[in-house]
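Student: okay, here's the prediction I keep looking at, along with the sequence it came from:
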Amino acid sequence: MQIHPLVTDTATLEALCARWATADFIAVDTEFMRESTYYPDLCLVQVACPDEAAAIDPKSPDLDLAPLLRLLVEEPVLKVFHAGGQDLEIIYNLTGKTPQPLFDTQIAAMALGLGEQIGYTNLVAAYANVHIDKGARFTDWARRPLNDRQLEYAIGDVTHLARIFPKMVDKLRRTGRGEWLDEEMARAGDPATYANDPEKAWERLRLPSRKADVLGRLKALARWRELEAQDKDVPRGRIVKDETLADLASSPPRSQADLAKVRGLSAAWAGNAIGARLMAAIEAAEPLSPEDMPAREPQRPGLSSEGALIADLLKLLLKIRAKEAGVAPRLIVRADDLEALAAGQRDGLDMLQGWRREIFGSDALALVEGRLGFAVAGGKLKMSRISD
């Protein structure tokens with residue numbers, strides 16, 4: 001594979017993107033810093049196709065990222081990431097779109113028996129028998145110049161990925177598990193996952209109450225905090241912590257002077273501009289309307305003590321079937337659905353549909369209905385059908 005020098009000008013980037021657009025796929029990774037900012041500070045983008053790879057320097061004054069962004073969100077070439085959530089967030093922030101079509105090797109690994117969140121280093125070791133030198137992983141990627149060791153480390157993230165991806169796809173095809181991943185891949189590529197709409201910021205918070213006035217203040221305060229964090233480009237927790245927002249919503253101060261008494265705020269807020277803006281947000285808040293009130297969690301049958309034991313047996317069955325199938329348990333079923341089945345629910349459970357029913361759901365149903373049990377034979381645990 002040809003490794004190009006660090007790309008620092010638009011003309012070179014345009015030529016590369018024109019070739020990458022015709023490739024079978026491209027592997028993509030980013031390096032960024034975000035410890036002290038609201039928005040990730042994009043420092044490097046690495047791209048590889050089967051024949052060539054390059055690292056691209058977004059901080060070069062001679063480079064415009066537009067050709068690369070068009071490639072990522074408009075061209076039909078398949079984009080391959082590993083645990084790409086933060087990479088996709090950066091691309092969404094820059095374009096308002098997410099890369100499509102998309103393949104995430106960490107998600108694919110769940111269907112190939114490599115666990116629920118396998119790290120890149122372990123994936124490379126498993127599929128390429130290569131052990132990555134982690135010495136440059138704590139690099140300050142915003143600092144220039146980057147040395148050869150840092151660039152070699154960064155470009156390795158996509159050159160290895162470009163070699164691993166075809167092997168993973170081949171195994172998915174041979175095992176017929178490609179369609180198992182459609183739902184997870186669609187969720188990963190959904191632009192709504194990465195949108196930071198200030199009007200919806202409150203929905204990410206733990207609700208301190210279900211009172212309309214409290215939630216109205218929480219919505220207003222979360223919106224205010226999001227806008228302050230975006231404007232100052234600092235993490236939202238640097239403005240106000242979540243628990244302080246909840247306290248302010250539940251017990252709003254009567255005046256700005258009272259902010260000096262609020263746990264989590266400095267006394268200076270009693271007289272400064274940001275304190276005045278916080279008070280303005282509280283004073284402008286209106287109770288949530290009935291149609292805006294968050295829906296209550298659907299009531300599921302509660303677990304009795306016996307039901308809890310059944311749930312434990314289902315978890316054991318899941319562990320056995322997942323191991324036999326060579327797939328991560330989370331890809332088959334989530335814990336709350338197991339408890340729902342143990343409590344008597346049957347409708348609306350994904351485990352009782354399609355491939356999930358085939359490898360687990362049918363046996364799970366048989367277990368809770370008394371048609372399947374555990375037995376020990378030859379020192380090994382096995383499943384035993386129970387006749388009427």
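Tutor: The structure has been received and is ready for your questions.
Student: C-alpha from now on. contacts and neighbour counts both.
Tutor: Will do.
Student: now the end-to-end length of stretch 120-137.
Tutor: For stretch 120-137, the separation between the terminal residues is 12 Å (C-alpha to C-alpha, to the nearest Å).
Student: any chance you could map the strands in the stretch 251-388 of the chain?
Tutor: 372-377, 380-385 (DSSP state E, counting those that start in this stretch).
Student: any stretches of the stretch 101-250 of the chain with poor pLDDT?
Tutor: Within the stretch 101-250 of the chain, the ranges that satisfy pLDDT under 70 run 135.
Student: just want the most central residue of the chain.
Tutor: residue 85 (4.7 Å; C-alpha atoms, centre = their mean).
Student: my guess is that residue meets residue 188, correct?
Tutor: Yes. Residue 85 is in contact with residue 188 according to C-alpha atoms under 8 Å; the separation is 7.0 Å.
Student: give me the mean pLDDT for the helix or strand where residue 53 lies.
Tutor: Using DSSP states H and E, residue 53 sits in strand 52-56. Averaging pLDDT along strand 52-56 gives 98.
Student: helices or strands up against it?
Tutor: With contacts defined as 3 or more C-alpha pairs under 8 Å, 6 or more residues apart in numbering; DSSP states H and E, strand 52-56 has these neighbours: strand 2-3, strand 41-48, helix 148-175.
Student: now those as JSON lines including distance to residue 61 and mean neighbour count?
Tutor: Output for the helices and strands packed on strand 52-56, formatted as JSON lines (distance: least, C-alpha to C-alpha, whole Å; neighbours: other C-alpha atoms under 10 Å):
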{"stretch": "strand 2-3", "distance to residue 61": "22", "mean neighbour count": "13"}
{"stretch": "strand 41-48", "distance to residue 61": "13", "mean neighbour count": "22"}
{"stretch": "helix 148-175", "distance to residue 61": "19", "mean neighbour count": "18"}
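Student: closest to residue 306 out of these?
Tutor: helix 148-175 (37.6 Å; C-alpha to C-alpha).
Student: from the chain's centre, how far out does that closest one sit?
Tutor: Its chain's C-alpha centre and that of helix 148-175 lie 20 Å apart, by C-alpha atoms, centre = their mean, to the nearest Å.
Student: tell me the contacts of residue 241?
Tutor: residue 264 (C-alpha atoms under 8 Å, 6 or more residues apart in numbering).
Student: check the gap between it and residue 269 for me.
Tutor: 14 Å.
Student: before we move on, what about residue 154?
Tutor: From residue 154 to residue 269 the distance is 43 Å (C-alpha to C-alpha).
Student: tally of neighbours for the spatially closest residue to residue 322 that is not a sequence neighbour?
Tutor: Counting by C-alpha to C-alpha, 6 or more residues apart in numbering, residue 329 is the residue found nearest to residue 322 once chain neighbours are left out, at 5.5 Å. Neighbour count of residue 329, defined by other C-alpha atoms under 10 Å: 23.
Student: what do you get for residue 212?
Tutor: 17.
Student: that one contacts residue 291, doesn't it?
Tutor: No. If you go by C-alpha under 8 Å, residue 212 and residue 291 don't touch, sitting 10.8 Å apart.
Student: which neighbouring elements make contact with the helix or strand encompassing residue 19?
Tutor: For residue 19, the host element (DSSP H and E) is helix 10-20. With contacts defined as 3+ C-alpha pairs under 8 Å, 6+ apart, the packing partners of helix 10-20 are helix 66-73.
Student: tell me which strands and helices the helix it packs on is in contact with?
Tutor: Going by 3+ C-alpha pairs under 8 Å, 6+ apart, helix 66-73 lies up against helix 10-20, helix 85-95.
Student: single out the most deeply packed of those helices.
Tutor: helix 85-95 (a mean of 18; mean count of other C-alpha atoms under 10 Å).
Student: contacting residues around that helix?
Tutor: Helix 85-95 has contacts (C-alpha under 8 Å, 6+ apart) with 29-30, 40, 42, 69, 73, 97-99, 188-189, 191, 194-195.
Student: switch to 7 Å and redo it
Tutor: Residues outside helix 85-95 that contact it (C-alpha atoms under 7 Å, 6 or more residues apart in numbering) are 29, 30, 40, 98, 188, 194.
Student: now stretch 279-299
Tutor: Here stretch 279-299 makes contact (C-alpha under 7 Å, 6+ apart) with 212, 213, 215, 216, 217, 220, 221, 224, 256.
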